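# Sequence and predicted model, in that order:
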Amino acid sequence: MTLNVADVTGSVKSALLAISEAKDLAELKIVKTEHLGDKSALSKASQALGKLAADNRAELGKIVGSARAEVTAVFEAKLKELEIVRDLKVLSEERVDVSLPASNLPKGGLHPLTILTNEISDLFIGLGYRVAEGPELEAEWLNFDALNIPADHPARTMQDTFFIEPLESRLVLRTHTSPVQIRTMLENKPPIYVICPGRTYRADELDATHTPVFSQVEGLVIDRGITMADLKGTLDYFAQSIFGSDVKTRLRPSFFPFTEPSAEVDFFFNGRWIEWGGCGMVNPKVLEVCGIDTSEFSGFAFGMGLERTLMVRHGITDMHDIVEGDIRFTRSFGIGGR
Amino acid sequence: MKIPLSWIREFSPIPQDISLEDLENAFVNVGFEVEGIDLQGRDLTGPLVVARVESIEELTGNKKAIRYVGLDCGEGSNRFVICGATNFVVGDLVVAALPGAVLPGDFAISARETYGKTSNGMICSARELRISEEHSGIIVLPADCAKIGANAIELLEISDVVVDVAVNPDRGYALSIRGLARELAASLGLKYSDPAQKVNTAEFAINTKGIQVAVEDKTALSIVYIRTISDFNASAVTPLWMSRRIEKCGMRSISLAVDITNYVMLELGQPLHAFDAMKIDTSLIMRRAGSTKTIKTLDNQERKLNSDDLVVADKSTALALAGVMGGATSEVTGKTTQIALEAARFDPITIAKSSRRHKLSSEASRRLERGVDPSLAEISSARAIALMIELGGAKYVGSSSSGEPKYAPIVSFDPNFVSKYLGTEVSLSEVEEKLKIVGCDVAKKSTTNWEIDPPSWRADLLLAPDLVEEVARMIGYERIPSTLPTGKSGTGLTPMQYRKRSVANFLAGNGFSEVYNYPFVNPDFVSQLGFVGDRAKSFRLANPMSEEFPDLRTHLLPGLLLTAVRNQGRGAKGIALFEIGSVFRNTEKLEAQNVVGTDRVPNEATKAKIYKSVPNQPLHVGAVVAGKLGSDGWNGKAQDFTWVEAIGFARAIIEETGNVSTTSSSDFAPWHPGRCAELKVDGKAVAHAGELHPRVIAELGLPERSCAFVVVLSALGFPETKKLQTLITMPAAIQDIALVVDGSVSSSTLEAALRAGAGDLLESITLFDRYDKLGDGKVSLAFTMVFRAPDRTLTAEEVSEHREAAAASALKVCGAVVRA
């Protein structure tokens, strides 16, 4: 076989033409076999080099080599180009409707009372408080007597209490979380900064705004030099964290056996005053029965219903939704991120 | 308490043009909630006149009595009206609404044809004028109380503002015009004159005439007055000014004698009781009921007396349930001419107990159990008999009294404490002024020591903070600034609080919805679920909301199941619920507890006894899955939730707490006896999980194969913080092994045997296949074992040795044969 420069140049030319005319990867594959494959003119030229004399071989070898390199480079470029074309086509064909329901992952949720309790706990933990808890079935002494609500005092009838049989056991379903305050004071020396969230019970019929089983959060602070202004400031901070930074609170004189002075706390929300809870300076009689030196320490306490707080904040109009356990209600709150 | 502003104005010059908002705020600012303000007469326009009945024609043939009545309205000629009431006779004075009048409820009066007659107006009942609830007949006015044709709106003082004020239990004195007028005047900065000071008691001195009184139980009352009158005109009627005030306060006018006692009670706050003195055997004695068994009270009820009830008795029997309700036998009637009037300062607790025992809350008991001004026994009784003399023509006979009024002690008080306690500067002169306004006498011993003598009606002012509250009320709570103290003892959440949060987040994040069920259960439902033993020992409420749910829950499942049923009834599918809450098991006999005083700090033994009286209340997390956890979708069906997942969740919760559980099968209601796992930690059962009993599922109508799990969160310990070794980055060697065992061998036992044999280099072992169709009761269990060494790549020989060792252990312990 003869090998000449013109042939090589011709092979290159026809190879480049074929490559440029290839319309897709399949055609290009044929072109490759034809012009770069074992039986292609260029391959044959390479094979022919071996039979040439050494002096001739070097010169022609360079020519054949650079011819092959040129064709290969153009081929590679074309291959990339056609691959991109193919990819665009395939990806376009694989297009889906991403608006289809994305997943049937199970939907759960925390009850908003849990979410609110967590939120309030974290708020007060940030202020250096502890979260104190206690039993729901409680000794009458801790629920009433120690809070300066003696038997037969009219204040006891303010709270419709569930009693346990036999009555001599002196057990009640706690009417507030205040017995947790008593337990805390009996077992800890001041300074005391606690909040007491939990379930509480009063014999009210379930209706749109009442439930016999409800949740409270109470706060108790006992320290040196605690004033009623401290109480007001704490309630302001609490209300603004829960209802928005522009929320105002007001205190109104009231009566609770365990606080003196006592107050009702209201907050101004959506254009009206809303009753939120009770509060006051802890009655010295309560401090004394818990062994706290009233010449050194004073304190305040407050308590509010969480259901009411939820209803106001989320515009819930019927208590039934909060107590009935309908999964649609719980799910709408997610796990607290919303 | 309902109070007409017109009556308040007798003692304080409340501006005529005060706005309702200012009026309400004036009460609220000093601690009295306003429950309502009734603008009486606002929607009433005349002509409303006094008319005399001149003729009555009974119209027959109607379903009810109908009268055609001729009225003299002072118009020269008689006017005729149709009337359906029959409580009047010719000559009576009545109230007639003439055509053109508009009665409350936008009820326009006009001449109209009815019952075949022309009715030229209307004779009014009290309710039609909205001045009381009285509607049993029309208003019959006292004879000669006004001229014919007089304006009845003025006569009946209909136009008035009646404020309904809520009075807290510490302010018994405010259940009176006297008390509320004082508070309103103080709040508005107006003058006030005390009605009690206008009463002249000197003319009714104590003597030995009339009914005498003795006190047998001196703990039950501090002072009592009995005043006797004679020649009372039994037919005298209550003047309109008095009956109208009584009605505006929400009570009914009954008879002159009774009305006077009620009027004085409303005005001053002291309940009074009038006895027919002729019915008293000799004298009165205040004593406990003792052996006296019954009393018939004014409401004609025969009541069984508790031996501890306080009664007012004569020589023969009990005449009144003291401070609560009078007795029928000595009741003042239309024939009574001699009256013994009782006024006493009873011990509030004694009255509260009686009132509660007899479920009888009266106007008297409401005041007495809150504590009445001790000076009023003398004053109010004098005021009442003065009115009986004035209005009933009575003659004073005599007065008897026993005991002494007891007043609140003098309080030593550092006035600077006010500013310190409120956190705002209140000048000493302001403190003094405000204390005087509420009625205290102030004796200034030094700038740091004042002696405060509280007024007779304020037995509640005993300690410095009580006085601070009075000053704060009077200066206004809005003066208190806002400062934010921060804690010094915060330690973050407790481990149990973190546990509750993480379990709740875990379940909610995995598709469960949290619920808070009432812990009240129905015992029949509980036993229907198959609860036995400790799990069936409930506490019973003495006063449940409903007889259907009288017990406290011993387990979370009864509530969860009913909530699942409720959700299903509302069309929900794939119901997955959980609850974290306390359960109550009555497993130890409840002991009777002594009353513990509050006069001192309980000692350690007493505290321990109180704590011990409270039953342990374990904290559970429970869940029910009725249907699938997710929902079927366009892209495929949701995975079934079976006993496997139920057990898996229970185990995951235990693992989340850092504990390691072992699983064994259990026959535990209300689960399926063959598909219930008991999970134990350190040999103690802490959870049950699996499929619910098919009978329970069927009875509740829940989807087949519904599952449940319960973990006792409070039974799980808090393991020490986990120490983690540095992760090994050498390559892992993976070995699969399939073993054939007898079906009775549990997979966990086999896994443990493999683990024991595989040695320390075993990193993990996972069951990836189970085949139970081999026959002969054999099953094949296939595991993936991952081995890894910390310092080198394991050789094939090494790994195979470990695998063999594992297989050998499995053979030895479980008779497992490697599957060919």
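Received, thanks. Only a predicted model underlies this, so the values are computations on that prediction, with no experimental measurement involved.
# residues contacting residue 274?
The chain I'm using is chain A. The neighbourhood of A:Ile274, defined by CB atoms under 8 Å, 6 or more residues apart in numbering or on different chains, consists of A:Asp266, A:Phe267, A:Phe268, A:Val312. For every residue, glycine as well, the C-beta is placed using N, CA and C.
# Wait, chain B was what I had in mind.
B:Ala257, B:Val258, B:Ile260, B:Thr261, B:Gly326, B:Val332, B:Ile339, B:Ala340, B:Leu341, B:Glu342.
# That one: helix or strand, and which one exactly?
B:Ala274 belongs to strand B:273-276 when elements are defined using DSSP states H and E.
# average model confidence for the following helix or strand past that strand?
As assigned by DSSP H and E, the chain's next helix or strand after strand B:273-276 is strand B:284-288. For strand B:284-288, mean pLDDT rounds to 95.
# Buried ones in the helix or strand following strand B:284-288, by neighbour count?
Note on strand B:284-288: by DSSP H and E, the next helix or strand toward the C-terminus is strand B:294-296. Buried positions in strand B:294-296, judged by neighbour count with 16 or more other CB atoms under 10 Å in any protein chain shown: B:Ile295.
# what pairs with the residue nearest to B:Ala344 when sequence neighbours are not counted across the strands?
With sequence-adjacent residues excluded and distances taken as CB to CB, 6 or more residues apart in numbering or on different chains, B:Ala344 is closest to B:Val224, at 3.8 Å. Per DSSP bridges, the residues bridged to B:Val224 are B:Ala344, B:Ser402.
# Tell me if I'm right that B:Val224 and B:Ser399 touch.
No. Between B:Val224 and B:Ser399 there is no contact under CB atoms under 8 Å: 10.9 Å.
# Just the contacts of A:Ile274: which are in helices?
With helices defined by DSSP state H, the entries of the contacts of A:Ile274 inside them are A:Val312.
# Kindly indicate the member of the contacts of A:Ile274 with the most neighbours.
A:Phe267 (25 neighbours; other CB atoms under 10 Å in any protein chain shown).
# now that residue: how far from chain B?
Separation of A:Phe267 from chain B (CB to the nearest CB, to the nearest Å): 13 Å.
# hang on, that residue packs against A:Phe243?
Yes. In this structure, A:Phe267 is within contact of A:Phe243 by CB under 8 Å, at 6.3 Å.
# what about A:Leu306, how many neighbours?
22.
# go on, B:Gly683?
Using other CB under 10 Å, B:Gly683 is surrounded by 6 other residues.
# And for A:Asp236?
Neighbours of A:Asp236 (other CB under 10 Å): 18.
# do the one 10 residues further on as well
A total of 8 residues lie near A:Asp246 under the criterion other CB under 10 Å.
# What score does it have for pLDDT?
For A:Asp246, the predicted pLDDT is 89.
# Which of the three states applies to it?
coil (DSSP: H, G, I helix; E, B strand; the rest coil).
# distance of it from chain B?
In terms of CB to the nearest CB, A:Asp246 sits 14 Å off from chain B.
# That residue: what's it in contact with?
Contacts of A:Asp246 (CB under 8 Å, 6+ apart): A:Gln240.
# For chain A, what is the nearest residue in the stretch 501-650 of chain B?
B:Gly511 (2.3 Å; CB to the nearest CB).
# Excluding covalently adjacent residues, which one is nearest to that residue?
Nearest non-adjacent residue to B:Gly511 (CB to CB, 6+ apart): A:Pro106, at 2.3 Å.
# Doesn't the one you found lie inside a strand?
No. A:Pro106 is assigned coil when assessed by three-state DSSP, not a strand.
# Chain A: strands as residue ranges?
Taking DSSP state E as the criterion, chain A carries its strands at A:130-131, A:137-139, A:171-173, A:192-201, A:213-223, A:248-256, A:259-269, A:272-282, A:298-305.
# mind checking which of the ones you listed is nearest B:Val660?
strand A:130-131 (28.4 Å; CB to CB).
# Give me the contact list for the closest one.
Against strand A:130-131 from outside (CB under 8 Å, 6+ apart): A:121, A:124-125, A:193-197, B:487, B:489-491, B:493-494, B:497.
# Partner strands of that strand and their direction?
strand A:192-201 (parallel).
# Tell me the secondary structure of the residue of the stretch 501-650 of chain B closest to chain A, please.
coil.
# ok, it - contacts?
A:Leu105, A:Pro106, A:Lys107, A:Gly108, B:Ala576, B:Leu629, B:Gly630.
# neighbour-wise, which of those residues leads?
That'd be B:Ala576 among those, by other CB under 10 Å, with 27 neighbours.
# Pull up the per-residue confidence for the residue of the stretch 501-650 of chain B closest to chain A.
Model confidence at B:Gly511 (pLDDT) stands at 93.
# and if you look at A:Thr2?
For A:Thr2, pLDDT reads 64.
# one step back: among the strands of chain A, which comes closest to B:Glu378?
Nearest of the strands of chain A (CB to CB): strand A:248-256, 28.3 Å.
# biggest separation within the contacts of B:Gly511, which pair?
A:Leu105 and B:Ala576 (12.4 Å).
# Please enumerate the helices of chain A.
Using DSSP H, the helices of chain A run over A:5-21, A:25-36, A:41-49, A:54-93, A:112-126, A:140-143, A:154-157, A:178-187, A:228-243, A:284-289, A:306-314, A:319-323, A:327-331.
# which other helices and strands contact the longest one?
Yep, that's helix A:54-93 we're talking about. Packing contacts for helix A:54-93, counted by 3 or more CB pairs under 8 Å, 6 or more residues apart in numbering or on different chains; DSSP states H and E, involve helix A:5-21, helix A:25-36, helix A:41-49.
# one step back: so which of the contacts of A:Ile274 comes closest to chain B?
Looking across these and measuring by CB to the nearest CB, the closest to chain B is A:Asp266, at 9.7 Å.
# give me every residue that touches that closest one.
A:Asp266 sits in contact with A:Thr249, A:Arg250, A:Arg252, A:Trp273, A:Ile274, A:Glu275, A:Trp276, where contact means CB under 8 Å, 6+ apart.
# which regions of the stretch 1-150 of chain A lie under the pLDDT threshold?
Low-confidence segments of the stretch 1-150 of chain A (pLDDT under 70): A:1-2.
# near chain B, which residues of it?
Neighbours of chain B within the stretch 1-150 of chain A, by CB under 8 Å from any CB of the partner chain: A:100-101, A:103-111, A:113-114, A:118, A:121, A:124-125, A:127-131, A:133, A:135-142, A:145-146, A:148, A:150.
# part of a strand, is B:Glu678?
Yes. Under three-state DSSP, B:Glu678 sits within a strand.
# how about the nearest residue to it, chain neighbours excluded?
B:Ser666 (3.6 Å).
# Distance check, the one you found against B:Pro558.
19 Å (CB to CB, to the nearest Å).
# Also B:Gly581?
Taken as CB to CB, the span from B:Gly581 to B:Pro558 is 12 Å.
# out of those two, which sits in the busier spot?
Legend: neighbour count by other CB under 10 Å for B:Gly581 and B:Pro558, higher for B:Pro558 (25 against 20).
# Where does that one sit, in terms of helix or strand?
helix B:557-569.
# can you pull the contacts of the closest residue to B:Leu761 other than its chain neighbours?
Spatial nearest neighbour of B:Leu761, chain neighbours left out: B:Phe787 (4.8 Å); criterion: CB to CB, 6+ apart. Going by CB under 8 Å, 6+ apart, B:Phe787 touches B:Ala732, B:Ala733, B:Ile734, B:Gln735, B:Ala758, B:Leu761, B:Leu762, B:Glu763, B:Leu794, B:Val799, B:His802.
# And those residues, which of them are buried?
So, by 16+ other CB under 10 Å, the buried ones in those are B:Ala733, B:Gln735, B:Ala758, B:Leu761, B:Leu762, B:Leu794, B:Val799, B:His802.
# Specify which member of the residues you listed is nearest to B:Cys145.
Ranked by distance to B:Cys145 (CB to CB), the buried ones among the contacts of B:Phe787 are led by B:Leu762 at 106.4 Å.
# Isn't that closest one up against B:Met785?
Yes. Using CB under 8 Å, B:Leu762 is in contact with B:Met785, at 6.0 Å.
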